[in-house]
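**Student:** With the sequence up front, the predicted model follows.
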There are 2 protein chains.
Amino acid sequence: MTFFERPALVRDGVYGHLRRAVLDGDIAPGERIGEAELGERLGVSRTPIREALMRLTQEGLLVSEANKGVRVRTVSAAEARDTYVVREELDGLAAALAAQTHTAADADALRAALAALNAAPGGDYRAQTRLDLAFHQGVTLAAHNAALAELARGLEQRVALIKHQTRTYNAHPETEAQHAAILQAILARDAASAREAARQHVRTFAPLVMQNLGESR
Amino acid sequence: MTFFERPALVRDGVYGHLRRAVLDGDIAPGERIGEAELGERLGVSRTPIREALMRLTQEGLLVSEANKGVRVRTVSAAEARDTYVVREELDGLAAALAAQTHTAADADALRAALAALNAAPGGDYRAQTRLDLAFHQGVTLAAHNAALAELARGLEQRVALIKHQTRTYNAHPETEAQHAAILQAILARDAASAREAARQHVRTFAPLVMQNLGESR
DNA sequence: CGCCTCAGGATTGTATACAATATCCAAAGA
DNA sequence: TCTTTGGATATTGTATACAATCCTGAGGCG
């Protein structure tokens, strides 16, 4: 009965297990995570549990209140808006850099990621969210900028969190065309177009999510 | 004999103590930090020490090798270049947003921060680095965007780290004028000028640091 | 009936004990 | 002399024990 792959360190296993559970929506935003209970379920002590929880808290997936434990983060409307403002800038930069610096292997990976995303069943929200995340992370990786990858990773994760919270999924009809436009511009090594396509994608999506979060504009 | 202010939690005290030590350059990049020795010096157990170290590692100030402990991060030339590419984008965004959204209190704080920075003795590298960090963080705060503040904080910290590593300080003659230009554009609520001033500042500074990184290799 | 008080239990924070892994040095062999 | 190997030592990783804080609810008092 193994709950997670076996990295060398227990805390890394717990981290990966919990990260996936949160990003897949298996643990709902706002839900509490008790150290003792989780440790019992996974068959490990509280020490690696705590270290994994702290790491996820630092990444913004969980929130911690002193002496009261951690919960899956719930993103406020203001925080979501802030996130999309920054994401528009960073995703645009990532796409522009990817257009300039991507390798043949990057191109293959991006094509495969997009194909997988488009092939996902319309009703499988979990797969959609996961594959959408994978595509955008692929763009970031193709930019070959370590600092950008680090920051974008946190943002993309938070976006996934927001999607679960608002139950907004990639149902928008323009999504597929926009993804294609981003990929095409990158493959054509057209940095300016890639940047604008990525920014447009964020600008299209953000209002949808904000609407579900209950804030106009 | 107290080594750090005492927040409610010991780990937060250790975190603040170490963060300042690293950002002030009291612990050199590459230097190793042993848990037991540090715990003994601070009079606390290894548990809060480990949690503080993990947090600083996650923030990018330290690096951790499995079973081999943590060291103050040494930033490679490629990582530094990546950092400045992203920073140009984010600092530009921060300045633009600050121009649009800053309050009267923000304006006062920014003026005070810049005055303090300009008043710092030319030879006091520690004060210069700390006050420069404070000014840039002030701009970020004035942008009133939580997601941006979070990301920019990490970048600014890394820049401070790079400065210590390369021994590049704010000696450049244009620095003072550029800071003034950023502040002036923000106060005038001229978003476009503020963005460009901030970007120009990064573009001026980055080559200096990169040059020193090439030498100090 | 409503509000306050205060045990009791439960949960997190910290300290310590134990296990696993890496580092270092000295001795043996080619 | 150089390399290798083995174990002693030190350090990190994990588990457990203890302390401090918070939540709950029953009972008393106004």
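**Tutor:** Looks like it arrived, so ask away. Keep in mind that what you see is a predicted model, and the values were worked out from it rather than measured.

**Student:** can we go C-alpha only for contacts and neighbour counts from here?
**Tutor:** Will do.

**Student:** nearest residue to A:D106 other than its sequence neighbours?
**Tutor:** In this structure, A:D106 finds its nearest non-sequential neighbour in A:A142, 5.6 Å apart by C-alpha to C-alpha, 6 or more residues apart in numbering or on different chains.

**Student:** Against chain B, how distant is the one you found?
**Tutor:** Here the criterion is C-alpha to the nearest C-alpha, to the nearest Å. By it, A:A142 lies 13 Å from chain B.

**Student:** ok, how many other residues are close to A:H201?
**Tutor:** Neighbourhood size, A:H201 [other C-alpha atoms under 10 Å in any protein chain shown]: 21.

**Student:** before we move on, what SS does A:V70 have?
**Tutor:** strand (DSSP: H, G, I helix; E, B strand; the rest coil).

**Student:** what pairs with it across the strands?
**Tutor:** A:I33, A:S64 (DSSP bridges).

**Student:** Was I right to think it contacts A:R32?
**Tutor:** Yes: the pair A:V70 / A:R32 is scored as a contact, 6.0 Å apart, by C-alpha atoms under 8 Å.

**Student:** the more surrounded of these two?
**Tutor:** Neighbour count, other C-alpha under 10 Å: between A:V70 and A:R32, A:V70 has more, with 22 against 17.

**Student:** and stretch A:176-191, average pLDDT?
**Tutor:** On average, the pLDDT along stretch A:176-191 is 97.

**Student:** starting at the chain centroid, how far to that stretch?
**Tutor:** Remark: stretch A:176-191 is offset 20 Å from the chain centroid, using C-alpha atoms, centre = their mean, to the nearest Å.

**Student:** Please apply the same query to stretch A:39-56.
**Tutor:** In terms of C-alpha atoms, centre = their mean, the centre of stretch A:39-56 is found 22 Å from the chain centre.

**Student:** Give me the buried stretch members for it, please.
**Tutor:** Buried positions in stretch A:39-56, judged by neighbour count with 16 or more other C-alpha atoms under 10 Å in any protein chain shown: A:G39, A:L42, A:R46, A:P48, A:I49, A:R50, A:E51, A:A52, A:L53, A:M54, A:R55, A:L56.

**Student:** Put the alpha carbons of it into PDB.
**Tutor:** Output for stretch A:39-56, consisting of C-alpha atoms alone and laid out as PDB, is shown next (Å, rounded to 0.1, in the frame of the first residue of the first chain):
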ATOM      1  CA  GLY A  39       0.900  11.200   9.000                       C
ATOM      2  CA  GLU A  40      -1.200   8.200  10.100                       C
ATOM      3  CA  ARG A  41      -2.700   7.800   6.700                       C
ATOM      4  CA  LEU A  42       0.700   7.900   5.000                       C
ATOM      5  CA  GLY A  43       2.500   5.900   7.600                       C
ATOM      6  CA  VAL A  44       5.100   8.500   8.400                       C
ATOM      7  CA  SER A  45       5.900  10.700  11.400                       C
ATOM      8  CA  ARG A  46       4.900  14.300  11.700                       C
ATOM      9  CA  THR A  47       8.300  15.600  11.000                       C
ATOM     10  CA  PRO A  48       8.400  15.100   7.200                       C
ATOM     11  CA  ILE A  49       4.700  16.000   7.100                       C
ATOM     12  CA  ARG A  50       5.400  19.400   8.600                       C
ATOM     13  CA  GLU A  51       8.300  20.100   6.300                       C
ATOM     14  CA  ALA A  52       6.200  19.300   3.200                       C
ATOM     15  CA  LEU A  53       3.400  21.500   4.500                       C
ATOM     16  CA  MET A  54       5.700  24.400   5.100                       C
ATOM     17  CA  ARG A  55       7.100  24.100   1.600                       C
ATOM     18  CA  LEU A  56       3.600  24.000   0.100                       C
END
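
**Student:** ok, is that stretch in contact with DNA strand D or not?
**Tutor:** Yes: if you take C-alpha under 7 Å from any atom of the strand as the test, stretch A:39-56 does meet DNA strand D, through A:G43, A:V44, A:S45, A:R46, A:T47, A:P48.

**Student:** joint contacts of A:V70 and A:R32?
**Tutor:** Residues touching both A:V70 and A:R32 (C-alpha atoms under 8 Å, 6 or more residues apart in numbering or on different chains): there are none.

**Student:** so where's chain A uncertain?
**Tutor:** For chain A, applying pLDDT under 70 flags the ranges A:1-6, A:169-171, A:214-217.

**Student:** Close to DNA strand D: what parts of it are there?
**Tutor:** Counting by C-alpha under 7 Å from any atom of the strand, the residues of chain A near DNA strand D are A:8-11, A:43-48, A:66-68.

**Student:** could I get those as CSV with distance to A:R130?
**Tutor:** Shown next, in CSV, are the residues of chain A next to DNA strand D (distance: C-alpha to C-alpha, whole Å):
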residue, distance to A:R130
A:A8, 25
A:L9, 25
A:V10, 24
A:R11, 23
A:G43, 27
A:V44, 27
A:S45, 30
A:R46, 29
A:T47, 29
A:P48, 26
A:A66, 31
A:N67, 33
A:K68, 30
